[in-house]
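Student: got a sequence here, can you build the structure:
(2 chains)
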Amino acid sequence: MTQATQRPNARTSKPGGSDRASQMRLINGAKPPNPVVRGLKGVILLIACAMVVVPFWSVIATSLADPAQVLAEGGYVMWPKEPTLAAYEAIFRGGVVTRATLVSIFVTLVGSGLSVTVVALLAYSLSRPGSFGSSKILLLVLFTMLFNAGMIPNYLLIKELGLIDSYWALILPTLTNAFQIILMRGFFLEVPGEIIDAARIDGAGELRILTTIMVPLSKAVIAVIALFNAVTYWNAFFNAVLYINSTEKWPLQLVLRTYVVDGTAVQADVSGEMVPPQLSLQMAILVVSLVPICLVYPFLQKHFAQGVVIGAVKG
Amino acid sequence: MAVTTGGRGARSPRPEVSGSPDDAPPSGGATKTSRSPAPNRKTTWWARLKRDKFLLLLAVPGVFLVLLFQYVPLIGNIIAFKDYQPYLSIWESPWVGLENFDIIFTGDPAFINALINTLVISFVQIVLVFPIPIALALLLNSLLSEKIKRTVQSILYLPHFMSWVIVVATFQHMLGDAGLYNTWAREHNIFEINLIGEPELFITLITSQVIWKDAGWGTIIFLAAISRVSIELYEAVAIDGGGRMRQLWHVTLPAIRGVIILLLILKLGDVLTVGFEQIYLQQAPVGREASEVLDTYVYNYGVIGGNWGASAAVGLVKGLVGTLLVLGANKIAHLFGERGVYSKW
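Tutor: From the prediction side, this is the model:
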């Protein structure tokens, strides 16, 4: 269906571009769209996009605005005239927010690293045809998709394991995910058996096959699963409410809840005169919690549509 | 060939009885079967275990975690039948039979309130939230520029990746009493929007948050289904003189009908579960009566109130009813000739 192969009578050739939109344009070419309908569509989509962009924009702008402007404009700023990082300096001068950010980074890195490792190992083990017990293990994993034990038994388990107020309570319970195991197993199954046989003949063991053949060939899916889990760990909120008691072990989401949602005053460790307004501090905390997600978002976006569709089909 | 293969057929021939690959005959597989010392049946169990010990070793961490964090809590549900004492362990606490379920069967007012709130919120969200991604997907699909479509998608998917804490904080920043909109509205004498902290408007608030966060993301699955429709079908409608509305009605909508029904089934199965973190975060200003749902009830009554057994009983019944609802909805879908979540068995 490329331009080069087009012939006037060929039904399948679509001159004027190969994407769907231009093909549809060609089909309906004779009847131009109604201008009113077109305008209406534009307005709807513009409003929808503005509803997402404006809030985030205003949060970032307020966090960067200088105190005088924040006070002058009744607390909210759409365009910082003299951008300043004072609010960020205040929250990162080593107080609750600094510590919480470090906790969140630790939990996110360790959690996503461990989870993708555990998932990959299990998925590989289940992807070797006819290996001992693999069909039973697979059933064990699949069955977890059907139920959720509930909050109370989960809480009591963490308690009996002595993990209350431990970072491991935030990491361990969500390490495995049946859907991800099935997804990655699917990718490993796609790797041609001949390559694996060749490696085995050359004397490679299972671990070597996994690290030198499977992982490089499934880099994309491994990266996406790791990023997805990183976002989940970074965003995790309620596990911390349940399992973490001491304030100094709070992850960022809990700090965000306390200072921004509940509006408790931020104790910024500022000794000088220039204390940034509470609102700027709050917005700075909010920005700190959403920036990492915006950073990985483009990488996620490249792959997630496919992943979600596979998930939907495999249910 | 001695190796029993599952899944994808006879691939990857591996030595039958050997601990490490090195002492295997170099090419393994079918031609060398005669070298196996004993007939397949007798040796397989132990031999396969020995052969696959490294593979099994790789599976150990994952299987251990699945058993510990998925299956053990399932057994932990026995505390729904016990009077759990925090200073005793689950096992040592005394059995009380079905006493904990009284709260459900006698209709404790707080429980009934939570149940009604849950059902009302679910119903409102099925009616108001569910159709929006479908409409949005159709709208995006009708765009004639691939570039604009991609840009809009990138923007609308973003809120899905934000945590509920971020979403709630952002909503307060925008629509709170001292928020961006109301400050601006007061200055310009335009109507104010007092959506936050009002018990009567709580459902409106959380519904609009759900739409804001997930309506864009929800389009993905519909767009994927639409993109699989053969372009020739549209061409055929156009040749027969049908315009865009006819193409929508006769081609696009039938193409996504299956997905719509599938998602509706999943939604119905989840009718007892409404955004827990979202509601928990916003309970304080509006009070329990307006905002308590089953999940927050289990938390407030159980973890905070210390009524472990009774709240576990509520959670257990909720889980069982939820599973039955999915299976039931699936059955109904089959009756209407749709594929459903599970294929017929």
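Student: burial measure for B:K53, as a count.
Tutor: 14 (other Cβ atoms under 10 Å in any protein chain shown). Quick note: C-beta positions are derived from backbone N, CA and C, even for glycine.
Student: in contact with B:V271, which residues?
Tutor: Neighbouring residues of B:V271 by Cβ atoms under 8 Å, 6 or more residues apart in numbering or on different chains: B:118-119, B:122-123, B:126, B:322, B:325.
Student: make it 6 Å
Tutor: With contact set as Cβ atoms under 6 Å, 6 or more residues apart in numbering or on different chains, B:V271 has these partners: B:S122.
Student: give me the low-pLDDT residue ranges for chain A?
Tutor: Within chain A, the segments meeting pLDDT under 70 span A:1-18, A:29-33, A:74-75, A:267-275, A:304-315.
Student: center of it - which residue?
Tutor: Residue closest to the average C-alpha location in chain A (Cα atoms, centre = their mean): A:V231, at 3.2 Å.
Student: how about the secondary structure of it?
Tutor: Following DSSP: H, G, I helix; E, B strand; the rest coil, A:V231 is assigned to helix.
Student: packing partners for the helix or strand harbouring B:T219?
Tutor: Using DSSP states H and E, B:T219 sits within helix B:202-227. Under the contact definition 3 or more Cβ pairs under 6 Å, 6 or more residues apart in numbering or on different chains; DSSP states H and E, helix B:202-227 sits against helix A:278-314, helix B:109-128, helix B:131-141, helix B:146-157, helix B:164-175, helix B:253-269.
Student: just the mean pLDDT for that helix, thanks.
Tutor: Taken as a whole, helix B:202-227 has a mean pLDDT of 92.
Student: any idea of the angle that helix forms with helix B:146-157?
Tutor: Using axes from the mean of the first three to the mean of the last three Cα atoms, to 10 degrees, one finds that helix B:202-227 and helix B:146-157 are set 150 degrees apart in direction.
Student: list the buried ones in helix B:202-227?
Tutor: By 16 or more other Cβ atoms under 10 Å in any protein chain shown, the buried positions in helix B:202-227 come out as B:202-203, B:205-226.
Student: and what of stretch B:289-305?
Tutor: B:290-303.
Student: check whether it contacts chain A.
Tutor: Yes - residues of stretch B:289-305 contacting chain A under Cβ under 6 Å from any Cβ of the partner chain: B:298, B:302.
Student: distance between that stretch and the chain's centre?
Tutor: 21 Å (Cα atoms, centre = their mean, to the nearest Å).
Student: contacts for it, please.
Tutor: A:151-152, B:113-114, B:117-118, B:199, B:202, B:272, B:274, B:276, B:279-280, B:283, B:307-308, B:311, B:314-315, B:318.
Student: now, those that are in helices?
Tutor: A:151-152, B:113-114, B:117-118, B:202, B:276, B:279-280, B:283, B:308, B:311, B:314-315, B:318 (DSSP state H).
Student: can you pick out the most distant pair from those?
Tutor: B:F202 and B:W308 (28.0 Å; Cβ to Cβ).
Student: the residue of the stretch 201-315 of chain A found nearest chain B and A:V70, how far apart?
Tutor: Among all residues of the stretch 201-315 of chain A, A:N235 sits closest to chain B, at 3.5 Å; criterion: Cβ to the nearest Cβ. A:N235 is 28 Å from A:V70, where distance means Cβ to Cβ, to the nearest Å.
Student: cool, A:L207 as well?
Tutor: Here A:L207 is placed at a distance of 57 Å from A:V70 (Cβ to Cβ).
Student: quick one, which of those two is more surrounded?
Tutor: A:V70 (22 against 14).
Student: chain neighbours aside, what residue packs nearest to the more buried one?
Tutor: Spatial nearest neighbour of A:V70, excluding adjacent residues (Cβ to Cβ, 6 or more residues apart in numbering or on different chains): A:P277 at 4.8 Å.
Student: ok, now B:Q278?
Tutor: In space, B:Q278 is closest to B:W164, 4.8 Å off (Cβ to Cβ, 6+ apart).
Student: would you mark the buried spots in stretch B:229-236?
Tutor: Residues B:229, B:231, B:234-235 are the ones in stretch B:229-236 that count as buried (16+ other Cβ under 10 Å).
Student: what are the contacting residues of it?
Tutor: Under Cβ under 6 Å, 6+ apart, the answer for stretch B:229-236 is A:23, A:27, B:247, B:251, B:255.
Student: who wins for neighbours among the residues you listed?
Tutor: Ranking these using other Cβ under 10 Å puts B:Q247 first, with 22 neighbours.
Student: state whether that one is indeed within a helix.
Tutor: Yes - judged by three-state DSSP, B:Q247 forms part of a helix.
Student: surely it is in contact with B:V237?
Tutor: Yes - here B:Q247 reaches B:V237: they are 4.9 Å apart, a contact under Cβ atoms under 6 Å.
Student: quick one: contacts for B:R48?
Tutor: Neighbour list for B:R48: A:F132 [criterion: Cβ under 6 Å, 6+ apart].
Student: and what about it, helix, strand or coil?
Tutor: Assignment for B:R48 (three-state DSSP): helix.
Student: after the helix holding B:T219, which helix or strand is next?
Tutor: Heading C-terminal from helix B:202-227 (DSSP H and E), you reach helix B:231-239.
Student: find me whatever residue is spatially closest to B:G97, sequence neighbours aside.
Tutor: B:F81 is the one closest to B:G97 (Cβ to Cβ, 6+ apart), at 6.5 Å.
Student: any stretches of the stretch 51-200 of chain B with poor pLDDT?
Tutor: Counting by pLDDT under 70, the stretch 51-200 of chain B shows no low-confidence range.
Student: ok so, going back, distance of the residue nearest to the centre of chain A relative to A:L295?
Tutor: Taking Cβ to Cβ, one finds A:V231 at 11 Å from A:L295.
Student: and if you look at B:I126?
Tutor: To A:L295, B:I126 is 35 Å away according to Cβ to Cβ.
Student: same check on B:A110?
Tutor: Taking Cβ to Cβ, one finds B:A110 at 44 Å from A:L295.
Student: neighbour count winner among these two?
Tutor: Using other Cβ under 10 Å as the criterion, B:A110 and A:L295 rank with B:A110 on top: 14 against 9.
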